[in-house]
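> Have a look; sequence and predicted model below, questions after that.
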Amino acid sequence: MRTIKRPSLKTVLKTSTVAGLAAVMLSTGIPAQVTASFAAPVSVTAPQAPSFADVVSAVSPAVVSVRVQSDEPQETADEGGNNFSFNFGGRGFDQLPDDHPLKRFFKEFGGQGGPDAPGGPGAGPRDRAERGGPGANRPHHLRPTAQGSGFFISEDGYVVTNNHVVSDGQAYTVVLNDGTELEAKLVGRDSRTDLALLKVDATSRKFTYVSFADDTKTRVGDWVVAVGNPFGLGGTVTAGIVSARGRDIGSGPYDDYIQVDAAVNRGNSGGPTFDLSGQVVGINTAIFSPSGGNVGIAFAIPASTAKDVINDLMKDGKVARGWLGVQIQPVTQDIADSLGLKEAAGALVVAPQEGSPGQKAGIKEGDIITAVNGQAIKDARELSRRIAGFGPDAKVKIDLWREGKMQDVTVTLGNMASDEAASAEPKQPDAPVPSTSKALAALGITVAPAEDGSGLAVTEVDPDSEAAARGLKNGEKILSVNNRKVATADDIGKVIEQARKDGRTRALFQVEAGGTSRFVALPIDEG
């Protein structure tokens with residue numbers, strides 16, 4: 001690493017004083033040869049910032065703008081990328097309450113005076129089509145609804161972009177950095193990772209393309225360069241550093257984003273983030289911003305994720321993923337303590353789906369999945385990604401923690417695309433039967449047998465208890481404690497007594513509400 005020496009404050013002050021004195025002497029007529037003896041020219045070498053010009057000139061021809069047309073105009077049609085305020089192209093904002101501040105920001109930014117307003121960034125493509133330019137030969141009912149970025153990954157015209165840029169589109173135009181506009185076809189898209197693949201006809205030319213990097217070597221603090229089409233302005237370059245790895249922003253089960261602080265704005269969606277070797281380390285997909293503009297928090301899909309998905313899309317236009325078919329949740333330290341597990345790691349099985357590969361292999365509710373094919377599972381998110389990385393019909397070994405000891409099962413995975421069961425209709429919470437309720441004072445709850453004979457209905461929760469603090473509510477149902485079915489208050493007492501004998505300080509309650517269940521670890525007294 002090169003060390004740059006800077007002048008000390010004392011030297012700077014001394015130099016400034018001498019230079020000032022020389023100026024005074026000149027103004028008062030003192031001969032120049034006299035002043036020369038007081039001060040010599042000062043040369044300071046400024047710190048050298050990295051230049052990205054070589055990288056940019058090499059990769060820019062491979063980066064494109066993507067315009068989408070649809071026969072169904074969107075209320076907030078601007079650029080489809082709209083990757084701001086965690087809306088991921090507008091996804092999810094329709095479900096927010098009308099008075100929610102993020103919805104207000106979204107409407108204000110995409111409404112009157114937005115990109116599709118006269119003179120706005122979205123007006124250009126529409127105006128050109130109406131004047132008979134590119135796009136005028138398309139059916140008259142199609143109109144611009146999205147605009148984002150993308151990049152070539154092959155010389156024969158395959159273009160990677162975001163799914164939320166092209167979703168619901170009927171026609172696609174790729175705009176090269178020299179302004180050339182080319183029609184494109186949608187090869188396939190994957191909503192779970194927000195990736196899509198387009199194809200441009202390459203019979204008459206070969207395209208400059210870029211390759212994916214090994215992003216496992218990308219470190220927090222490394223320089224990166226983002227190239228894209230923010231606000232419909234055309235090719236724009238920004239630079240920053242990798243701020244974090246493995247970010248989970250709640251967009252889906254496979255969240256594993258690279259966070260960067262390069263200026264990424266609306267229209268950068270689907271554009272590449274490069275390392276200094278000119279390889280793609282990530283695909284820009286979202287930013288966090290309360291105002292709609294860049295605040296230095298952007299998220300990119302890692303190249304390692306994109307490579308596998310894009311290869312599948314290139315083969316047959318779809319992504320096939322392994323499917324285990326179990327509902328899971330994270331393992332907290334409380335849950336680990338309640339089950340006698342030393343470390344809070346792995347994924348807790350809430351319930352296997354009926355007829356799923358996991359159920360057929362013998363995986364049960366309350367199991368903790370600790371490893372797949374001998375590789376440790378850190379958390380529930382990692383299990384989802386690991387299973388999805390296998391193809392359908394793959395056989396995998398699953399290590400489980402069950403009833404205080406390790407076990408393993410072999411599972412033949414299903415196909416998520418075809419085997420994933422539809423969610424059951426939510427059930428109403430069982431009505432409590434207070435006549436037979438019995439207080440469990442130590443836990444702060446009162447229970448009664450459930451009407452359907454399965455488990456115990458919670459009829460009262462002490463608002464000052466740990467049970468209330470951990471979200472237990474009236475009307476919910478307790479199905480099991482420490483993975484043992486319970487039908488009476490005495491059943492709970494017996495399980496807790498055994499837990500005390502085993503030296504545990506917590507008990508794991510399986511609670512059901514609205515047709516779904518979860519696990520809650522509650523502290524137990526020493527008896």
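All right, it came through fine.

> And the helices in this structure?
9-27, 32-36, 53-59, 101-110, 123-130, 163-166, 303-316, 333-338, 357-361, 380-388, 416-419, 466-469, 489-501 (DSSP state H).

> Compare the mean pLDDT across those and name the weakest.
Of all the helices of the chain, the minimum mean pLDDT falls on helix 123-130 (a mean of 34).

> show me the contacts for Ile335.
Applying CB atoms under 8 Å, 6 or more residues apart in numbering to Ile335 gives the contacts Leu341, Ala344, Leu348, Arg506, Leu508, Phe519, Ala521. The way it works is simple: take the backbone N, C-alpha and C, and place the C-beta from them, glycine included.

> same thing but 6 Å
Residues in contact with Ile335 (CB atoms under 6 Å, 6 or more residues apart in numbering) are Ala521.

> Point out where the stretch 151-300 of the chain drops to low pLDDT.
232, 250-252, 289-293 (pLDDT under 70).

> Would you map the strands across it?
158-161, 171-175, 181-190, 195-200, 223-228, 236-247, 257-260, 272-274, 280-287, 298-302 (DSSP state E, counting those that start in this stretch).

> Could you tell me how many residues sit around Asp393?
For Asp393, the count of nearby residues is 12 (other CB atoms under 10 Å).

> next one: the one 4 residues further on
Lys397 has 13 neighbouring residues, counting by other CB under 10 Å.

> what sits opposite it in the beta ladder?
Judged by DSSP bridges, the bridge partners of Lys397 are Thr410.

> Tell me how far stretch 442-455 lies from the chain's centre.
Distance of stretch 442-455 from the chain centroid (CA atoms, centre = their mean, to the nearest Å) equals 39 Å.

> I'd like the average pLDDT over it.
What stretch 442-455 shows for mean pLDDT is 79.

> As CSV, could you dump the C-alpha coordinates of it?
Only the C-alpha atoms of stretch 442-455 are listed here, as CSV (Å, rounded to 0.1, in the frame of the first residue of the first chain):
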residue,chain,number,x,y,z
ALA,A,442,-46.3,-19.6,37.2
LEU,A,443,-46.7,-19.0,33.5
GLY,A,444,-49.3,-16.2,33.7
ILE,A,445,-51.8,-18.0,31.6
THR,A,446,-55.2,-19.7,32.0
VAL,A,447,-56.2,-22.6,29.7
ALA,A,448,-59.1,-24.8,28.9
PRO,A,449,-59.6,-27.8,26.6
ALA,A,450,-60.1,-26.7,23.0
GLU,A,451,-63.5,-27.3,21.4
ASP,A,452,-62.0,-29.6,18.7
GLY,A,453,-60.3,-31.7,21.3
SER,A,454,-56.8,-30.7,20.0
GLY,A,455,-54.7,-28.8,22.5
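
> list the buried ones in it?
Of all the residues in stretch 442-455, those buried under the rule 16 or more other CB atoms under 10 Å are Leu443, Gly444, Ile445, Thr446, Val447, Ala448, Pro449, Ala450, Gly455.

> Pick the most deeply packed of the strands of the stretch 151-300 of the chain.
strand 272-274 (a mean of 31; mean count of other CB atoms under 10 Å).

> Off-centre distance for it?
For strand 272-274, the distance to the chain centre is 17 Å (CA atoms, centre = their mean).

> helices and strands around that strand, which ones?
strand 223-228, strand 280-287 (3 or more CB pairs under 6 Å, 6 or more residues apart in numbering; DSSP states H and E).

> Now tabulate the ones you listed in CSV and tack on distance to Arg500.
Below are the helices and strands packed on strand 272-274 laid out as CSV (distance: least, CB to CB, whole Å):
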stretch, distance to Arg500
strand 223-228, 54
strand 280-287, 48
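
> neighbouring contacts of stretch 204-219?
For stretch 204-219, contacts defined as CB under 6 Å, 6+ apart pick out 59, 61-62, 151-155, 157, 242, 275, 279-281, 302-304, 307.

> distance between the ends of it?
40 Å (CA to CA, to the nearest Å).

> do stretch 373-381 as well
End-to-end distance of stretch 373-381 (CA to CA): 17 Å.

> how about the helices and strands packed on strand 272-274, which one is nearest Leu195?
With CB to CB as the criterion, Leu195 lies closest to strand 280-287 of the helices and strands packed on strand 272-274, at 6.9 Å.

> ok, residues contacting that closest one?
Contacts of strand 280-287 (CB under 6 Å, 6+ apart): 83-84, 88, 162, 194, 210, 212-213, 215, 218, 258, 264, 268, 271-273, 275, 298-303, 306.

> roughly how far is it from the heart of the chain?
Taking mean C-alpha positions (CA atoms, centre = their mean), strand 280-287 and its chain are 10 Å apart.

> Next, the angle from that strand to strand 236-247.
Comparing the axes of strand 280-287 and strand 236-247 via axes from the mean of the first three to the mean of the last three CA atoms, to 10 degrees yields an angle of 90 degrees.

> so what's Ser60 closest to, chain neighbours aside?
Nearest non-adjacent residue to Ser60, counting by CB to CB, 6 or more residues apart in numbering: Asn177, 5.3 Å away.

> Please tell me how far the one you found sits from Ser57.
In this view, Asn177 and Ser57 are 11 Å apart by CB to CB, to the nearest Å.

> Which of these two has more residues huddled nearby?
Neighbour count, other CB under 10 Å: between Asn177 and Ser57, Asn177 has more, with 17 against 10.

> hang on, isn't the more buried one packed against Gly234?
No. In this structure Asn177 lies outside contact range of Gly234 using CB atoms under 6 Å: 8.0 Å.

> Look up which residues are beta-bridged to the residue lying closest to Ala239 once chain neighbours are set aside.
Leaving aside its sequence neighbours, Ala239 sits nearest to Val225 (CB to CB, 6+ apart; 5.0 Å). Note on Val225: beta-bridge partners Ala239, Phe274, judged by DSSP bridges.

> so Val225 sits right up against Phe52, yeah?
Yes. Applying CB under 6 Å as the test, Val225 and Phe52 come out as touching, 5.1 Å apart.

> which neighbours do these two share?
Residues touching both Val225 and Phe52 by CB under 6 Å, 6+ apart: Ala239.

> Distance-wise, check Gln329 relative to Ala171.
Per CB to CB, Gln329 is found 43 Å from Ala171.

> about what we covered before: please narrow the buried residues of stretch 442-455 to those residing in strands.
Under the assignment DSSP state E, these contribute Ile445, Thr446, Val447, Ala448, Pro449 to strands.

> List the beta-bridge partners for the closest residue to Lys318 other than its chain neighbours.
Excluding the flanking residues, the one nearest Lys318 by CB to CB, 6+ apart is Gly188, at 5.6 Å. For Gly188, the beta-bridge partners under DSSP bridges are Leu197.

> What's the separation between Gly188 and Asp71?
Distance from Gly188 to Asp71, by CB to CB: 21 Å.

> same thing with Pro230?
Pro230 is 27 Å from Asp71, by CB to CB.

> With neighbour numbers in mind, choose between these two.
When Pro230 and Asp71 are compared on other CB under 10 Å, the one with more neighbours turns out to be Pro230, at 27 against 14.

> Let me know whether that one touches Thr238 as I believe.
No. Judged on CB under 6 Å, Pro230 makes no contact with Thr238 at a distance of 8.3 Å.

> any idea how far Ile153 lies from Ala336?
Distance of Ile153 to Ala336, given as CB to CB: 43 Å.

> Sounds good, over and out.
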